[in-house]
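Participant: got a predicted structure plus its sequence, pasted below:
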Amino acid sequence: MTASIGLGLAALGRPGYINLGHDEDLPPGRAVEDLRERTHQLLEQAWQAGVRYFDAARSYGLAEIFLGEWLTPERREQLTVGSKWGYTYVADWRHDADTHEVKDHSLGTFERQWPETVQALGGPPDFYLIHSLTPDSPALGDAKLLDRLRALADDGVRVGLSTSGPHQADALRAALALGGPFTAVQATWNVLETSVGPALQEAHDAGWFVVVKEAVANGRLTAKAGETPFNAFARQHGVAPDSLALGAAVGQAWADVVLSGASTAEQLESNLDYRTAGPLDEFVQQPDEYWTERSALPWI
């Protein structure tokens, strides 16, 4: 089975994000109405291209609202919506805010954010994930929260988690060991950071739905990164670097969906034209190195 491409709205639903060149990609001024229009344009472009998985989160500014506005009953029947809870957006629509989001995986946050998600989307998402679960998160040991998530799963929403940081595999395996209620994961996997791959294979084998995020490493696997060894390799093979990066992720046997994080029509078109070109093992970084570099990316 080949993974399909989905569209993630992390870079579209708020004026500031860590993608390289994010400030250049969005309309000048980054007003709410301008980002609403841009988001709707890319949702429509993706829809017309056959994309049927769309991803948002409570912390992605107004992403859930923008997506909910674009949805129609006919579209909703044909597509899959995933969203995430556990971070609260606090930047007040400023790209230069000191703090953009606040993490809290408590039952109280879930109970507040679940109805907010349902209202914004016009109904429940198909997937609802704990946002960026790390091994130090209290969520997996919170019996009351897990009971609430089991109830949500019993109501037909697939419950899962997204992972982040150099210990993604540890967090995922801890969730796998619970035997429920989780049946979905969204993890960072790309040409530079492959360490979670074996754990994602285990999740896939256990029947979990596996989504890949950050396949272009927040722009570090695109032309915006400049003259890098990976970009030189892509040029030698006549492939756009982002297309090559997406192709590598799509080619993973355990992947169900690979998210494009495009914020322009041109980026989305290039992402959808994914390609493969030989082994890419030479570009893999150590997880600590990769995540240290990622944490240094500025919100712009």
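Facilitator: Good, I have the coordinates.

Participant: only C-alpha atoms from now on, for both contacts and neighbour counts.
Facilitator: Will do.

Participant: for my notes, confirm residue 186 occurs in a strand.
Facilitator: Yes - the assignment for residue 186 is a strand, going by DSSP: H, G, I helix; E, B strand; the rest coil.

Participant: who's in contact with it?
Facilitator: Counting by CA atoms under 8 Å, 6 or more residues apart in numbering, residue 186 makes contact with 161-163, 210-213.

Participant: residue contacts, residue 288?
Facilitator: Neighbouring residues of residue 288 by CA under 8 Å, 6+ apart: residue 166.

Participant: before we move on, what SS does it have?
Facilitator: Residue 288 ends up helix, using three-state DSSP.

Participant: which pLDDT value goes with it?
Facilitator: If you check residue 288, the pLDDT there is 98.

Participant: got the residue ranges for the helices in this protein?
Facilitator: 22-25, 32-48, 63-70, 73-78, 107-121, 143-154, 168-178, 197-205, 229-236, 241-250, 265-272, 287-295 (DSSP state H).

Participant: among those helices, which is nearest residue 99?
Facilitator: Closest to residue 99 of the helices of the chain, according to CA to CA: helix 287-295, at 13.8 Å.

Participant: pull out the buried positions in that closest one.
Facilitator: Within helix 287-295, the residues that count as buried by 16 or more other CA atoms under 10 Å are 287, 290-291, 294.

Participant: turn these into JSON lines, including distance to residue 173.
Facilitator: Shown next, in JSON lines, are the buried residues of helix 287-295 (distance: CA to CA, whole Å):
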{"residue": "287", "distance to residue 173": "17"}
{"residue": "290", "distance to residue 173": "21"}
{"residue": "291", "distance to residue 173": "19"}
{"residue": "294", "distance to residue 173": "23"}
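
Participant: mind checking how far residue 174 is from residue 61?
Facilitator: 30 Å (CA to CA, to the nearest Å).

Participant: I meant to write residue 94 there.
Facilitator: 10 Å.
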